[in-house]
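Asker: what's the 3D shape of this:
(one chain, ligands or ions: 1)
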Amino acid sequence: MRFLADEMLKKTARWLRLIGFDTLYLERVSDAKVLERAVKEERVLLTKDEKLAEEAKALGVDVVLLPQDGIEEELKKILGKYKLKPAFPEKTRCPECNGTLERKKLEEVKEDVPEGSQEFSERFWKCSLCGKVYWEGAHWENIKRVLAQIEEH
Ligand SMILES: [Zn+2]
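Answerer: Below you'll find the model as predicted:
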């Protein structure tokens, strides 16, 4: 299952990547280009724009028209529609660029991790595309809390 988030949905795209889903996010491109990519790459279009949703459907693109609520409601709707389960952190992709993450040992990424976090975290990852390094930081608990809310549903 691969997604394409429209320009308004940067946060949604980051969250989907975080919980393991291949999500393309395009900025400053026309609706026509967005639709073209969705068709070409067989991605599910995510949008809050009813007009764009209708245009996509007419082209045979699968669409999730998202609610105007917060991120929890958006994710519930997307995951619920396709019966998907968050795979965090097992399948987490880079929130910045959608690249896949590779597990690393601390020694391999030491210079990218602040000293305080080196002790706290047992797991480290590096993006295969942009090279950004991730670890179990302070965000971890917040992510878990949001995911617990989603899965309760
Ligand atoms: Zn990356």
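
Asker: so what does the helix or strand where W125 lies touch, helix or strand wise?
Answerer: When elements are assigned from DSSP states H and E, W125 belongs to strand 124-127. Contact partners of strand 124-127 among helices and strands, from 3 or more C-beta pairs under 8 Å, 6 or more residues apart in numbering; DSSP states H and E: strand 101-104, helix 106-109, strand 133-135. Yep, even glycine has a C-beta here, placed from its N, CA and C like the rest.

Asker: can you list contacts of the second one?
Answerer: It stands for helix 106-109. Outside helix 106-109, the residues within contact range by C-beta atoms under 8 Å, 6 or more residues apart in numbering are 113, 118, 124, 126, 133.

Asker: if you set the cut-off to 7 Å instead, what comes out?
Answerer: Contacts of helix 106-109 from elsewhere in the structure, counted by C-beta atoms under 7 Å, 6 or more residues apart in numbering, are 118, 124, 126, 133.

Asker: Not including adjacent chain positions, what is the nearest residue to the last one?
Answerer: Closest residue to V133 in three dimensions, ignoring its sequence neighbours and counting by C-beta to C-beta, 6 or more residues apart in numbering: D112, at 3.8 Å.

Asker: can you give me the strands in the protein?
Answerer: Along the chain, the stretches classed as strands by DSSP state E are 3-5, 23-25, 44-47, 63-65, 101-104, 124-127, 133-135.
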